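Participant: Dropping the sequence and predicted coords here.
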Amino acid sequence: MTDVKGILEGWQKQDIGFVRFELPDMHGISRSKTIPISHAFDYAERGLNMYGGTSVLDTRSDVVGGTLYHEERGYGDQLLFPDPGSAQVLPWADRTARLICDAQWHDRTALAATPRHVFRQALEKARSMGFEPLLGSEFEFYLLTSDTHEPLFTGYHIFNTLRNDFVPTIRRILDEMPQVGVDIITANCEYAGSQWEINFAPGRGLAGPDNAFTFKNGVKEIAKQDGYLATFMTKPWADSAGSGCHTHISLLYADSEENAFGDASDPQGMTAACRSFIAGQLKYARAIDAVIAPTVNCLRRRRPHTFSPSNISWGLEDRSALVRVKGGSATNKHVEYRAPSAMSNPYIVGAALLQAGLRGIEEELPVPDPSKPGVPAEEDDTFEKLPIALEESLHALEEDPAAKEFLGEDFVTAYSRMRRYELSRYQDSVSDWERTEYLELF
């Protein structure tokens, strides 16, 4: 509490009037309460009450039975305790600061299925093995009109300078994100009309997913203030590009700060640890895929010739492979997992990829052959396919013991039941395609 108290006192001197206590939910969306700063001291010390099932609500905010934190807990409250390392003043919110929180029950036990807790477990695993993870998220998103949800422009003009700064909102994002610790490094319009990609530097430890959480929710707030809708929905239109979130990971040796993945004397510039880390991610790719591409819409991106991986493969600078090893010096050697959707939750993705890779290092797994030079991985039918149906990936998550070891039994239970409920709602819906195809004819 001492650190939080000092932070709050400093904010009072800066004339900050309000503090958000934020909780990342199962979807990576911010759930929060806004507290007048004079009351924030007390809540920070004893915990801020919030409905205990908030983290496991589905995308419609339905209360889904069997997800552990609803009827099983008498629909009771959790307590939010702020992490002082997440403290930031929000430039896009008037006289308002935020603290990202961890959730506990009244007996001070953690809510084990909450995404930030799941990532903390992976972080502790890495540190117990002598590593500090460095993690970056590479989001794509669309900027649309707020009323009709139409693109601001059409056509395919990736990197077009005029489109890069098509509206002042983009520069607002570039200006304001560094003020909350999100270090922007590149920005450009993406492949589809009205689609952008804005990248920021990777973060160590919890800062990796915390920065991604801040960026994603902040972009939506800034866009709304400017009269637009920013959407990270993977595939808003069937005939337009999908939005992904390539996830970049490396491990640093905790004692020396050196990159554990780079070896300048190796022909591929890689250490044995890097190869085993990749092997672990490949071995458990199906077990964790339900959190990598968490919705039916995410899987619509999984098509050949879209730079979205469709099989379990790796390659050196191969954009069609599931795991792409980035070139450059040994100091900067890292792996890029290309399957996550822009709708995925950076805490859960980070936890799953870290745990799978670390298991590979523990087991000293040998890495299989990479994609062949001149033959993109997606063209090689010898590689095992990734799931293309959510039912398939959910089954793998539930049945593979490794998934429960990586993410926790509580998480797998809550997550799979929540996603299956969403899937049942989807399967019960009637689409525009069906009406167009059948209504008049029959």
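Facilitator: Done, it's in.

Participant: What's the separation between I184 and E258?
Facilitator: 26 Å (Cβ to Cβ, to the nearest Å). For the C-beta atoms, the positions are set from N, CA and C on the backbone; glycine is no exception.

Participant: Between those two, tell me which one has more neighbours.
Facilitator: Legend: neighbour count by other Cβ atoms under 10 Å for I184 and E258, higher for I184 (16 against 11).

Participant: wait, that one sits on I198?
Facilitator: Yes: I184 is in contact with I198 according to Cβ atoms under 8 Å; the separation is 6.4 Å.

Participant: what sits up against the one helix or strand W11 maps to?
Facilitator: For W11, the enclosing helix or strand under DSSP states H and E is helix 2-13. Outside of helix 2-13, the residues that reach it under the criterion Cβ atoms under 8 Å, 6 or more residues apart in numbering are V19, I37, A40, F41, A44, E45, P82, P84, A87, V89, A97, L99.

Participant: switch to 7 Å and redo it
Facilitator: Contacts of helix 2-13 from elsewhere in the structure, counted by Cβ atoms under 7 Å, 6 or more residues apart in numbering, are I37, A40, F41, A44, P82, P84, A87, V89, A97.

Participant: now stretch 45-57
Facilitator: Among residues not part of stretch 45-57, those counted as contacts by Cβ under 7 Å, 6+ apart are 1, 21, 23, 25-26, 31, 33, 63-64, 67-70, 73, 75-81, 103-104, 111, 113-114, 414, 418.

Participant: what do you get for stretch 263-280?
Facilitator: Contacts of stretch 263-280 with the rest of the structure, by Cβ under 7 Å, 6+ apart, involve 260-262, 314, 316, 323, 325, 330, 333, 335, 356-361, 364-367.

Participant: One more: stretch 88-98?
Facilitator: Here stretch 88-98 makes contact (Cβ under 7 Å, 6+ apart) with 11, 15-20, 22, 87, 176, 179-181, 218, 221-222, 225.

Participant: Mark which of the residues you listed are buried, thanks.
Facilitator: W11, I16, F18, V19, R20, E22, A87, E176, V180, G181, G218, I222 (16 or more other Cβ atoms under 10 Å).

Participant: In JSON lines: the residues you listed, plus distance to N297, pLDDT and secondary structure.
Facilitator: Compiled in JSON lines, those are given as follows (distance: Cβ to Cβ, whole Å; pLDDT from 0 to 100; DSSP: H, G, I helix; E, B strand; the rest coil):
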{"residue": "W11", "distance to N297": "39", "pLDDT": "97", "secondary structure": "helix"}
{"residue": "I16", "distance to N297": "38", "pLDDT": "98", "secondary structure": "coil"}
{"residue": "F18", "distance to N297": "34", "pLDDT": "98", "secondary structure": "strand"}
{"residue": "V19", "distance to N297": "34", "pLDDT": "98", "secondary structure": "strand"}
{"residue": "R20", "distance to N297": "28", "pLDDT": "98", "secondary structure": "strand"}
{"residue": "E22", "distance to N297": "25", "pLDDT": "98", "secondary structure": "strand"}
{"residue": "A87", "distance to N297": "34", "pLDDT": "97", "secondary structure": "coil"}
{"residue": "E176", "distance to N297": "28", "pLDDT": "98", "secondary structure": "helix"}
{"residue": "V180", "distance to N297": "28", "pLDDT": "98", "secondary structure": "helix"}
{"residue": "G181", "distance to N297": "30", "pLDDT": "97", "secondary structure": "coil"}
{"residue": "G218", "distance to N297": "22", "pLDDT": "98", "secondary structure": "helix"}
{"residue": "I222", "distance to N297": "23", "pLDDT": "98", "secondary structure": "helix"}
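
Participant: Now distance to A402 too, for those residues, in JSON lines please.
Facilitator: JSON lines is the format used below for the buried ones among the contacts of stretch 88-98 (distance: Cβ to Cβ, whole Å):
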{"residue": "W11", "distance to A402": "43"}
{"residue": "I16", "distance to A402": "45"}
{"residue": "F18", "distance to A402": "43"}
{"residue": "V19", "distance to A402": "39"}
{"residue": "R20", "distance to A402": "36"}
{"residue": "E22", "distance to A402": "31"}
{"residue": "A87", "distance to A402": "36"}
{"residue": "E176", "distance to A402": "40"}
{"residue": "V180", "distance to A402": "35"}
{"residue": "G181", "distance to A402": "33"}
{"residue": "G218", "distance to A402": "34"}
{"residue": "I222", "distance to A402": "39"}
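
Participant: Report how many residues lie close to Q104.
Facilitator: Applying other Cβ under 10 Å, I find that Q104 has 17 neighbouring residues.

Participant: likewise I158?
Facilitator: Using other Cβ under 10 Å, I158 has 14 neighbouring residues.

Participant: contacting residues for the residue lying closest to it once chain neighbours are set aside?
Facilitator: What sits nearest to I158 in space, not counting adjacent residues and going by Cβ to Cβ, 6 or more residues apart in numbering, is Y191, at 4.8 Å. Under the criterion of Cβ under 7 Å, 6+ apart, the contact partners of Y191 comprise Y156, I158, A241.

Participant: With distance to M343 and secondary structure as added columns, please give those in a markdown table.
Facilitator: As requested, the contacts of Y191 are arranged in a markdown table below (distance: Cβ to Cβ, whole Å; DSSP: H, G, I helix; E, B strand; the rest coil):
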| residue | distance to M343 | secondary structure |
| --- | --- | --- |
| Y156 | 22 | coil |
| I158 | 21 | coil |
| A241 | 14 | coil |
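
Participant: Can you pull up the most central residue in the protein?
Facilitator: For the chain, the residue whose C-alpha lies nearest the mean C-alpha position (Cα atoms, centre = their mean) is P346; its distance is 2.1 Å.

Participant: Quick check: phi and psi on S371?
Facilitator: When read as degrees, to the nearest 10, the backbone of S371 gives phi -60, psi 150.

Participant: give the contact list for it.
Facilitator: S313, G315, D318, A321, A377, D380.

Participant: Quick one: the strands in the stretch 301-442 of the chain, in order.
Facilitator: Under the criterion DSSP state E, counting those that start in this stretch, the stretch 301-442 of the chain carries strands at the ranges 314-316, 323-325, 335-337.

Participant: Save the ones you listed as a markdown table, and put in mean neighbour count and distance to E138 too.
Facilitator: As requested, the strands of the stretch 301-442 of the chain are arranged in a markdown table below (neighbours: other Cβ atoms under 10 Å; distance: least, Cβ to Cβ, whole Å):
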| stretch | mean neighbour count | distance to E138 |
| --- | --- | --- |
| strand 314-316 | 21 | 18 |
| strand 323-325 | 25 | 11 |
| strand 335-337 | 23 | 8 |
